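Asks: Test case, fold it:
(one chain, ligands or ions: 1)
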Amino acid sequence: MNSEIVSNCLMLGFDCKRIQKTISLLGLDAEHGKHAKRLRREFIEGKTEALVSSCFDSFAICEDVLLIKENIGIESFKEFWIDYLCGFGQNFDTPKYFEERLGVAVAWAHKKVPLGVLHLQLCLIQQALVDSLSTQCKSDPKTLWPLVDCVFKITSLSVYLTVEGYHLVEADELQKTFDKLSEEALKLHQKVAIDHLTGVLSYSSLMDTLERQVNEAKQNGSPLCVIMADLDFFKRVNDTYGHLVGDIVLKHTAERIQAAIRGFDMIGRFGGEEFVIILENTDLALAKIIAERIRKGIADTPIHAKKFDIDITISLGMAMLRKDDHPEILLERADTAMYEAKKNGRNRVVVAGDLESAH
Ligand SMILES: Nc1nc2c(ncn2[C@@H]2O[C@H](COP(=O)(O)OP(=O)(O)OP(=O)(O)O)[C@@H](O)[C@H]2O)c(=O)[nH]1
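Replies: Numbering: from 1, shown residues only. Predicted coordinates for the structure are as follows:
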């Protein structure tokens, strides 16, 4: 490490160990590097000026804009954020990245740009990226959630480093602000953890939960089952009653699944009309009973949506964790079982193990 390059890092104690610790504390890893690259390539490149201008339009109504005008100049302010977006999350795990972000914060603190202004701007950039992702990947949650997660985490890192840089200049005051910012970042994270339509876990949160529970089950040697549940002929519901009614049916489906499982079981939305249920500490026999309860809970009573009573069924595939399973493989086996349930006439439960012994 070049000592000149890392001076801010050194002053704040950001050695390699602390950089690594910060990154892992925020849940950032190599995957986020790939997601950030994809974000820059597909969602940022060529749109930086438009993104920054849209943020600045929101900003222009604040009195703080006068401070920017006086202390930095609006064009340099905008240029800075265009640069920020061009390199969004690039090499976020290197001392150079930390040094640059800290250096910017120090320079701006010296120029008396309030930290709140920088935080607001980071929030607006974050919001603009999330809005743009939500529009462009609306029907592709498997792409959307990892990228949104990446936006939040990289922004959290920027917020954190900005605050730390200010510490060099305004040590006492900034601790309070950092607590506030962390709380807001946490709230934003929590917002992403829930699927807005159905109120169950979002895809990214579901996958995090599954990974955690699989690791725990392996460590404790306890059984764990997952259920992949997919509504039958749901397209017909949309086609017959309209998309809004379809949304209500999805919401009620999630509620009925929730009613059929136990308090500690986890349910998440895997995709459009597909849900995953994680049954911790549960063997196949018990999981089968729960899956059957879910199936009956949906098939036995029509779902009331607007003025319609809609008969709908669900197909369920189940798999139990094996010693050498990864979460993805476990889900894949549950998914194959679910497709088998579809193939065999729908409205039924198929167990992955049964499937294999039948072949
Ligand atoms: N209303 C609504 N529909 C959705 C949502 N997400 C996905 N869908 C719809 O879900 C439908 C899924 O259709 P298909 O994949 O053909 O599956 P299906 O009709 O349920 O048929 P099978 O799964 O084979 O039983 C499509 O029409 C999607 O547009 C959503 O959030 N709301």
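
Asks: CA atoms for contacts and neighbours, from now on please.
Replies: Noted.

Asks: contacting residues for the residue nearest the centre of the chain?
Replies: Taking Cα atoms, centre = their mean, the centroid of the chain lies closest to Asp149, which sits 3.9 Å from it. Taking Cα atoms under 8 Å, 6 or more residues apart in numbering, we find Asp149 in contact with His189, Val192, Ser204.

Asks: mind checking how far the second one is from Leu201?
Replies: In this case it means Val192. Applying Cα to Cα, to the nearest Å, the value for Val192 to Leu201 is 9 Å.

Asks: So for the two, which sits in the more crowded spot?
Replies: Leu201 (22 against 19; other Cα atoms under 10 Å).

Asks: List of residues touching stretch 203-211?
Replies: Outside stretch 203-211, the residues touching it (Cα under 8 Å, 6+ apart) are 141-142, 145-146, 149, 192-195, 267-271, 278, 327.

Asks: Between these, which sits nearest the ligand?
Replies: Nearest to the ligand among those is Gly271, at 6.8 Å by Cα to the nearest ligand atom.

Asks: burial of Ser53, as a residue count?
Replies: Using other Cα under 10 Å, Ser53 has 16 other residues around it.

Asks: cool, and Gly263?
Replies: 8.

Asks: Just read off the phi/psi values of it.
Replies: Main-chain dihedrals, Gly263, degrees, to the nearest 10: phi -50, psi -30.

Asks: Give me the pLDDT for it.
Replies: As predicted, Gly263 sits at a pLDDT of 93.

Asks: do you know how far it is from Ile277?
Replies: On the measure of Cα to Cα, Gly263 and Ile277 end up 12 Å apart.

Asks: same deal with Cys16?
Replies: Here Cys16 is placed at a distance of 40 Å from Ile277 (Cα to Cα).

Asks: Those two: who's more crowded?
Replies: The neighbour comparison of Cys16 against Ile277 (other Cα under 10 Å) goes to Ile277, with 23 against 14.

Asks: okay but that one is in contact with Phe264, surely?
Replies: No. If you go by Cα atoms under 8 Å, Ile277 and Phe264 don't touch, sitting 10.8 Å apart.

Asks: Tell me the buried residues in the one helix or strand Ala259 maps to?
Replies: Using DSSP states H and E, Ala259 sits within helix 243-260. Across helix 243-260, burial judged by 16 or more other Cα atoms under 10 Å covers 245-254, 256-258, 260.

Asks: now swap in stretch 232-241 and tell me
Replies: Within stretch 232-241, the residues that count as buried by 16+ other Cα under 10 Å are Asp232, Phe234, Val237.

Asks: all strands of the protein, in order?
Replies: In the chain, the segments counted as strands under DSSP state E are 224-231, 266-271, 274-280, 303-305, 308-310, 314-320, 349-351.

Asks: do the second one and the ligand meet?
Replies: No. Strand 266-271 stays clear of the ligand (Cα under 6 Å from any ligand atom), getting no nearer than 6.8 Å.

Asks: Could I get the CA-only coordinates of that strand as CSV?
Replies: Extracted C-alpha coordinates of strand 266-271, given in CSV (Å, rounded to 0.1, in the frame of the first residue of the first chain):
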residue,chain,number,x,y,z
MET,A,266,-40.7,-19.2,6.9
ILE,A,267,-42.5,-18.3,3.7
GLY,A,268,-41.2,-16.3,0.9
ARG,A,269,-42.2,-15.3,-2.7
PHE,A,270,-39.9,-17.1,-5.1
GLY,A,271,-41.4,-15.6,-8.2
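
Asks: Please check the contacts of stretch 203-211 and keep the buried ones.
Replies: By neighbour count, with 16+ other Cα under 10 Å, the contacts of stretch 203-211 hold 141, 145-146, 149, 192-195, 267-270, 278, 327 as buried.

Asks: pLDDT check: weakest of these?
Replies: Least confident of the buried ones among the contacts of stretch 203-211 in the model: Val192, at 77.
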